[in-house]
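No letters, just coordinates:
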């Protein structure tokens, strides 16, 4: 039987540093990333793709604000903006992947699903927003936006400016997870859980409603991989391997980490909370909950069986 892999696209799969986010830029980036997925298909994998949406949903919110201010167009809440972003990003990935497959002579159906993800409305994250979305601003512009919109902006740890931050609650259940798994195992490529999924909660028994938040894409992807019983979980980022002592003279690239080793490195503070730590945590959750292997790497290395850093049970 074919192995089932969940592949989480990093932010640079669509939008890269220094780019404005034009549709041409995003389509070109998506095409380049999708080219590297062909090696998995040729190695008898069924695929589920997930992706982030931080820059895109932030831009949608800005368009919201401008439309309301200048034209009186009603603003949409963050969960609806997340749905917008899932639709258009899924469309870009689906179309560019289709272009790649047709040029390679491969005939595979690609299905994009707008995915809701259940969260707890009492999650402590709602009292401490930490998830950055949208573009960077100067301190002066951020203070002006905070006054005008009542939103919260925080300075980036890397000194790149100020960004809007929103709550990032834990995901508990992926909507339509059975269908996602069944469609993928039937040979379709499924794009789901875009931007971590649309956060929803039970307003009352049997009544779902969206909530103002953004779920971490890697945690939601890990949960999806667990709930569809995937064999492998990939997180595509901008470095080929996870490192300890990162950017120090004694930097070491890791080919493999057991759960115990990864947890020790986490306790030592080897992985930054704003960069690698969330990815390692997501991989640990997958392996602890029955997944065979989690892999962190760059898309261009997918054809290499020794690519990336593998996180395994022991």
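Alright, I've got the coordinates. Values in this document were obtained by computation on a predicted structure and should not be read as measured data.

Please point out which parts of the lengthiest helix in the chain sit buried.
Counting residues, the longest helix in the chain under DSSP state H turns out to be helix 78-103. Residues of helix 78-103 classed as buried: 78-79, 81-86, 89-90, 92-98, 100-101 (neighbour count, 16 or more other C-beta atoms under 10 Å). C-beta coordinates here come from the backbone N, C-alpha and C atoms, glycine included.

What of stretch 205-222?
210-211, 213-222.

Sort out which of the residues you listed are in helices and list them.
217-222.

so can I have CSV of the residues you listed showing distance to residue 308?
Conversion of those to CSV gives the following (distance: C-beta to C-beta, whole Å):
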residue, distance to residue 308
217, 18
218, 14
219, 19
220, 20
221, 15
222, 16
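
on contacts alone, who are the packing partners of the longest helix of the chain?
In terms of contacts (3 or more C-beta pairs under 8 Å, 6 or more residues apart in numbering; DSSP states H and E), helix 78-103 is packed against helix 23-35, helix 54-71, strand 110-112, strand 189-191, strand 198-204, strand 207-210.

Comparing those, which yields the minimum mean pLDDT?
Here the helices and strands packed on helix 78-103 differ in mean pLDDT, and the lowest is helix 54-71 at a mean of 87.

Contacts for that helix, please.
11, 14-15, 21, 73-76, 78, 81-82, 84-85, 88-89, 132-135, 149, 163-164, 195, 214 (C-beta atoms under 8 Å, 6 or more residues apart in numbering).

Measure how far it is from the centre of its chain, please.
Offset of helix 54-71 from its chain centre (C-alpha atoms, centre = their mean, to the nearest Å): 21 Å.

Count the neighbours of the residue lying closest to residue 109 once chain neighbours are set aside for me.
Among residues not flanking residue 109 along the chain, residue 188 sits closest, at 4.5 Å (C-beta to C-beta, 6 or more residues apart in numbering). Other residues near residue 188 come to 16 when the count uses other C-beta atoms under 10 Å.

got the contact list for residue 188?
With C-beta under 8 Å, 6+ apart, residue 188 has these contacts: 108-111.

Let's verify residue 157: helix, strand, or coil?
Of the three states, residue 157 takes coil according to DSSP: H, G, I helix; E, B strand; the rest coil.

Go ahead and confirm it touches residue 274.
Yes - judged on C-beta atoms under 8 Å, residue 157 makes contact with residue 274 at a distance of 5.2 Å.

Neighbouring strands - and their directions - for the helix or strand of the chain with the lowest mean pLDDT?
Least confident element among the helices and strands of the chain, by mean pLDDT, DSSP states H and E: strand 131-137 (a mean of 82). Strand pairing for strand 131-137, using DSSP bridges, gives strand 162-166 (antiparallel).

Return the set of buried residues in the partner strand.
Using 16+ other C-beta under 10 Å as the test for burial, strand 162-166 gives 162-166.

out of those, who's nearest residue 125?
Closest approach to residue 125 among those (C-beta to C-beta): residue 166, at 9.2 Å.

count of residues packed around residue 257?
23.

Could you find the closest non-adjacent residue to it?
Nearest residue to residue 257, sequence neighbours excluded (C-beta to C-beta, 6+ apart): residue 311, at 5.1 Å.

Now for that neighbour, how many residues are close by?
Neighbours around residue 311, by other C-beta under 10 Å: 28.

same for whichever helix or strand it is part of, what does it pack against?
In this assignment (DSSP states H and E), residue 311 forms part of strand 309-312. Counting contacts by 3+ C-beta pairs under 8 Å, 6+ apart, strand 309-312 is packed against strand 256-258, helix 259-267, helix 277-288, strand 293-297.
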